[in-house]
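> Return a 3D structure for these sequence lines:
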Amino acid sequence: MTVLLAYVPTPEGDAALTAAVDETRRRATDAVVVHVPRPADAGASPYSAEQVLDAVQQRFASAGLEASVREVPTGADTADALIDVARETGAEVVVIGLRRRTAVGKLVLGSTSSRLLLGLECPVLAVKPAT
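Residues are numbered from 1 along each chain as shown. The predicted model follows:
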C-alpha cells in the first residue's frame, strides 16, 4: 500500500505535500508523487519541473521516507490519470490540495478534485494552505 500525492507546484500543492509526508510517516509506507503540470506553470516559476520534483523527493528523503515520481502525460485527463495510478499502486489514501472557491466556483464544480472525490475507491485527504 502507498500514499499517493497529486502534486501541483502551488501553495495548495505544497500543503498537500506536507500532509502526504505526514501520512506516509504515520502509515509507515512509501509514497508516489504524481506531478500534475499545468500550462500556466511553464513561466510561473524560476525553477524547472525537474528541480521542483527533486525538491519534493528531497522532502520525503529528509523525513526518511521513499517516494517515486510520475507525471501525468501531456494531453491526458488529469482525474482519470490519477485514478489509474491509484488503482495501479494500490493507494491507501490520495492526498490533494484544494483552493478556496467562490460560491459560483462551488456551483460549477466540474473540477478534477470533485471527480477524484467521486471516482476514487480509497480515502481522499483534501487539504488547503494555511491562510
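> Could you use CA atoms for every contact and neighbour count after this?
OK.
> Next secondary structure after the longest helix seen in the chain?
In the chain, assigned by DSSP state H, the helix with the most residues is helix 11-27. Remark: after helix 11-27, the chain's next helix or strand is strand 30-35, criterion DSSP states H and E.
> That following strand - contacts with which helices or strands?
When contacts are defined as 3 or more CA pairs under 8 Å, 6 or more residues apart in numbering; DSSP states H and E, strand 30-35 sits against strand 2-7, helix 11-27, strand 67-71.
> lowest-confidence helix or strand of the chain?
Across the helices and strands of the chain, the lowest-confidence element by mean pLDDT, DSSP states H and E is helix 103-107, at a mean of 53.
> Return the set of buried residues in the longest helix of the chain.
12-21, 23-25 (16 or more other CA atoms under 10 Å).
> Please identify which two of those are farthest apart in space.
Greatest spatial distance among those (CA to CA): E12 and R25, at 20.2 Å.
> Assumed L116 was part of a helix.
Yes - assigned with DSSP: H, G, I helix; E, B strand; the rest coil, L116 falls within a helix.
> Just to check, it is in contact with I83?
Yes - L116 is in contact with I83 according to CA atoms under 8 Å; the separation is 7.1 Å.
> Quick check: pLDDT value at E121.
We note a pLDDT of 94 for E121 in this prediction.
> How many residues are close by it?
16 (other CA atoms under 10 Å).
> which regions of this structure sit below the pLDDT cut-off?
For the chain, applying pLDDT under 70 flags the ranges 38-46, 101-110.
> give me the beta-bridge partners of the closest residue to C122 other than its chain neighbours?
Leaving aside its chain neighbours, C122 sits nearest to V93 (5.7 Å; criterion: CA to CA, 6 or more residues apart in numbering). Under DSSP bridges, the beta-bridge partners of V93 are V3.
> In a helix, L82, correct?
Yes - under three-state DSSP, L82 sits within a helix.
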